[in-house]
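Participant: prediction below, plus the sequence it came from.
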Amino acid sequence: MLTLQTKIEKLYGVGPHMSKRLTKLGIEKIEDLLYHFPFRYEDFSKITPISKIVAGQDLAIKGKILQIKNSRSPRRRIFITEALIQDQTGSVRAVWFNQPFLTKALPKGTEVILAGKMVRDFRGMAIQSPVYEKVKAEMTHLARIVPVYPETEGLTSKWLRTKIKPLLSLTGKIADFLPEKIKKEDNLVDLSHALREIHFPSTQQTLAQAKRRLSFDELFLIQLKAGKIRQSLKALKAPKLIFDQKLIRKLVGSLPFKLTNSQRKAAWEIILDLEKSRPMNRLLEGDVGSGKTVVAAIAMLLAAHRGYQSLMMAPTEILAIQHFGTLKEILKDFSASVALLTSAKSDNSRGITVNKKKLLNQIKKGKVEIIVGTHALLSEKTKFHKIGLVVVDEQHRFGVKQRAALRKKSNLLARMIPHLLSMTATPIPRTLSLALYGDLDISILDEMPPGRQKIKTSVISPSRRGNAYQFIRHQIKSGNQVFVICPLIEESEKLEVKAAKKEYERLSKEIFPDLRIGLLHGQMKTKDKEKEMIKFKDGKVDLLVSTAVVEVGVDVPNATIMMIEGAERFGLAQLHQFRGRVGRGKKQSYCLLLTDIWGDKIKARLGAMVGCNDGFVLAEKDLAIRGPGEIYGVKQHGRIDLRMANLTDVSLIKETKKAAEEVLREGIEAYPLLGLRLRDFIEERHLE
C-alpha cells in the first residue's frame, strides 16, 4: 500500500533507473511528487469543430480515425504516418513523422483528441505532429487544462502526468497545517483541494485559487520563520557598544573623502543598534562601489574601543585579502589592530607577517581586535577573546545558531551573542526584501561617493566587433586592463554562445597574440582561481577571460573595460554587477555589451543598461522582466526554495506577514500542526 513516505522507486513503472532521474528533480518519495508543481499550463479544454479550423492556429480537435497508414518519404527516407480524422462537422488529415507505431496505437475506429498546429500544404489542411489521447471518461493529457512540469533528460511532462494523477487521492492524507481562522480571514481553499487543482485544474478559477493557497503557504512559512528569529533574538543579549562621538568623528575626519549622506545614515542606524543590549540583525545593502566597507569599519572600531573583537567574513580568500587591505588603510591612525586569517594566509596590520600559530594565540588573548578571513574563522582551532560584532559579506546564511556557536569560542556571557551586520552589493527591490530578508533590518546605500566617474556603456553589434578590439588594444597599450566575460565554460552544441575556454584560445592566438591573457572559470580549483585573479590584480595579465565567477566583490582599480559576450543571456542585475568590476579607480571606464541576437526585447533590455547606472532602478526593471528566481537565484540561494510563490506579489507578502505576526503573538504552541510544518519547512530549505 502506497503512503506519502513511500520511496519513489516503489511506485509502479518507476524502478531504480527512473528514480535516479526523479532524484535530479528533488523527488525521492511520493509526497515530493505531489509537491512537484507545474510551471505552466496548456489549455486544451476547448475543442474546435473541424469545420472551424484555421491555418496557423494551435488548437485541439476531437474525432474518429477513419483511416491511418504509414509511407516513406522518397527524399529524406523518413516514415510519414497519416490519418484521416472526422467529427460531425467535417474531416482533416493528421500527419506525424518517424512514428510508424501509431498505426497500431491508434487503429481505425479509435476516438481521439489531437492538439497541435494547423498547416496548409499542397493537399489542403492538416494538423502537424499533434499530441494525442484516446477519448475516455477522465482525460489526462488533453481536453482539459494540462499541466507542464519542470523536466529532466528522459523525464517528460506526459510521463509525470500519468504518475501523479493516480496519486491525487493521497492529498487528503497531507495534514492541513494552516489554522482555520487564517483560511477564513484570507479566503483560502483547503490544502488537499489546492494540491489536486494545481496538478489537474477543473477551471482557470480553481487553478487561481490553488495557486493562491500554495503561494500563501510558502510566503507565510517564510514570514513565520523570520518572526521566530526576531523573537529568539529578543530573548538573547548582546554587548552594549556605547557610541563614542569623539572617536568616530576622528575616524570620519581622517578619511581622504567625504561620507555620502546615505553612508552617514546607515552608520548612525548601526550605531544605535550596537548601543542596545539585544543583538543587531542588520543588512547593509549598497550598490557596487557605494562604500559599505567604510561603514562596517566605523562599527568595528567602536567595538574595538569598547574591548570587543570583530570578525569580518568574506566568501573567498581574494576578497578577504581585499577587505584586509582596505581596513588596514582606513584604521592606520588608530590603535585597533587588524589581522588576516584564511586557510592559506595569515597577516597583521602592523606590517609584520606572523605564523598562523602565533596569530591564533594573539587572537585568543584579545591582542587583535579585528580579524578578517573566510569561513576558516569558524574552524575548531580558532578561539577568540570576546566577539562583539560579526560582519559577513555576501553570505546571508549566518544566523542565530552560528553566532551562538561563536559564544562558545570566546568569553561571552551565557545567553549573549555578537551583533550581526550582513553586507550585499546586490540591489534588492524593497518589495522583494520583505520576503527575502524579513528577519533583518535593512540599511541602504543608494549614493555613490563623489568623484566616481560614470561608466560609459555601449551595445556592440556584430559588425562593430573589430572596432571594439581596436579600442581594447588602445586601452591596454595605455596601461589599462580588460575583463572579457563569457556565459559558458565549454562550447555547447545546444547554445550558440561564447565559451570562456574557446574565447581564451581565440583571443590569445588570433586577436591579441602579443598580449598577456588569463583565464578564469568555475571548474578551476579555488587556489588556481585566486592565483589567476591575484596575477590580474597585480598587473601581470592584460586581459582576463572569465565566466560569471568574477561577479562578486573583486576590486581591480586598473581595469577600465568590461566586455560581456552573449550579453542577452544575462539579466540586468547581473550585467550591472559585472559592470561594477570596472570604474574602481580614477580613470574613465567602459562596459561593452556584445550580442549576436537582435530582437526588440533584447534591444530594450540592453538599452536599459546603456541609459541607467542605478543598480536599484535596474533591479526593479529586472524583477518585472524576469522574476525573482532568475535574478537572485532564490531556488539555489539556500535561503528560499520557492515552488509556487511569486515574490513580486506585494499584497500577498503583506497578508502573510500580518498572519504570521498574529500567530506569533498568540504563540505557535497553540497550533501544533503548524509548528511541525514549520520545522519541516526549515529543514527542507536549510534556512538556519
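Facilitator: Yep, it's here. All figures in this text were calculated on a predicted structure; none of them were measured in a lab.
Participant: and for Gly566, the neighbour number?
Facilitator: A count of nearby residues for Gly566, using other C-beta atoms under 10 Å, gives 20. From N, CA and C alone the C-beta is placed, and that goes for glycine too.
Participant: hang on, I meant Asn558
Facilitator: 15.
Participant: now do Glu197
Facilitator: If we define neighbours as other C-beta under 10 Å, then Glu197 has 24 of them.
Participant: so what pLDDT did it get?
Facilitator: You'll see Glu197 listed with a pLDDT of 96.
Participant: wait, it sits on Arg212?
Facilitator: No - with contact defined as C-beta atoms under 8 Å, Glu197 and Arg212 do not form a contacting pair (10.7 Å).
Participant: for the strand or helix carrying Leu593, which outside residues touch it?
Facilitator: Assigning secondary structure by DSSP states H and E places Leu593 in strand 590-594. The contact list for strand 590-594, computed with C-beta atoms under 8 Å, 6 or more residues apart in numbering, reads 455-460, 465, 468, 471, 475, 560-567, 575, 578-579, 582, 606, 609-610.
Participant: same question for stretch 112-129.
Facilitator: 42, 44, 47, 53-65, 85, 92-97, 106, 130-135, 139, 142-143.
Participant: hang on, the earlier thing: sheet-wise, list the partners of the strand holding Leu593 with their directions.
Facilitator: As defined by DSSP bridges, the strand partners of strand 590-594 come to strand 456-460 (parallel), strand 559-564 (parallel).
Participant: chain center to it, what's the gap?
Facilitator: Here the centre of strand 590-594 is set off from its chain's centre by 24 Å, with C-alpha atoms, centre = their mean, to the nearest Å.
Participant: residues touching the next helix-or-strand element following that strand, excluding its own?
Facilitator: Downstream of strand 590-594, the first helix or strand assigned by DSSP H and E is helix 600-611. By C-beta under 8 Å, 6+ apart, the surrounding residues in contact with helix 600-611 are 457-459, 567-568, 572, 575-576, 579, 591, 593, 595, 618, 621, 625.
Participant: one more pass at 6 Å, please.
Facilitator: For helix 600-611, contacts defined as C-beta atoms under 6 Å, 6 or more residues apart in numbering pick out 457, 459, 567-568, 575, 593, 621.
Participant: for it, the averaged confidence score.
Facilitator: For helix 600-611, the per-residue pLDDT averages 84.
Participant: ok, Pro16 - how many residues close by?
Facilitator: Neighbour number of Pro16 under other C-beta under 10 Å is 7.
Participant: do Glu505 as well
Facilitator: 14.
Participant: quick check: which element contains it?
Facilitator: Using DSSP H and E, Glu505 sits within helix 500-506.
Participant: what helices and strands are in contact with that helix?
Facilitator: Helix 500-506 sits against strand 543-546, with contacts defined as 3 or more C-beta pairs under 6 Å, 6 or more residues apart in numbering; DSSP states H and E.
Participant: mind listing the strands the strand it packs on pairs with, and their directions?
Facilitator: strand 481-485 (parallel), strand 517-520 (parallel).
Participant: just these: most buried one?
Facilitator: strand 481-485 (a mean of 25; mean count of other C-beta atoms under 10 Å).
Participant: so what's the nearest residue to Ile242 once chain neighbours are set aside scoring on pLDDT?
Facilitator: Closest residue in space to Ile242, ignoring its immediate chain neighbours: Glu275 at 5.8 Å, by C-beta to C-beta, 6 or more residues apart in numbering. pLDDT recorded at Glu275 is 96.
Participant: Glu275 - how many residues pack around it?
Facilitator: 13.
Participant: now Arg212. Its backbone dihedrals?
Facilitator: Main-chain dihedrals, Arg212, degrees, to the nearest 10: phi -70, psi -40.
Participant: circling back to that earlier point, in JSON lines: the contacts of helix 600-611, plus pLDDT and neighbour count.
Facilitator: Converted to JSON lines, those look like this (pLDDT from 0 to 100; neighbours: other C-beta atoms under 10 Å):
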{"residue": "Thr457", "pLDDT": "94", "neighbour count": "22"}
{"residue": "Val459", "pLDDT": "91", "neighbour count": "19"}
{"residue": "Ala567", "pLDDT": "90", "neighbour count": "25"}
{"residue": "Glu568", "pLDDT": "88", "neighbour count": "21"}
{"residue": "Leu575", "pLDDT": "88", "neighbour count": "25"}
{"residue": "Leu593", "pLDDT": "94", "neighbour count": "25"}
{"residue": "Lys621", "pLDDT": "77", "neighbour count": "18"}
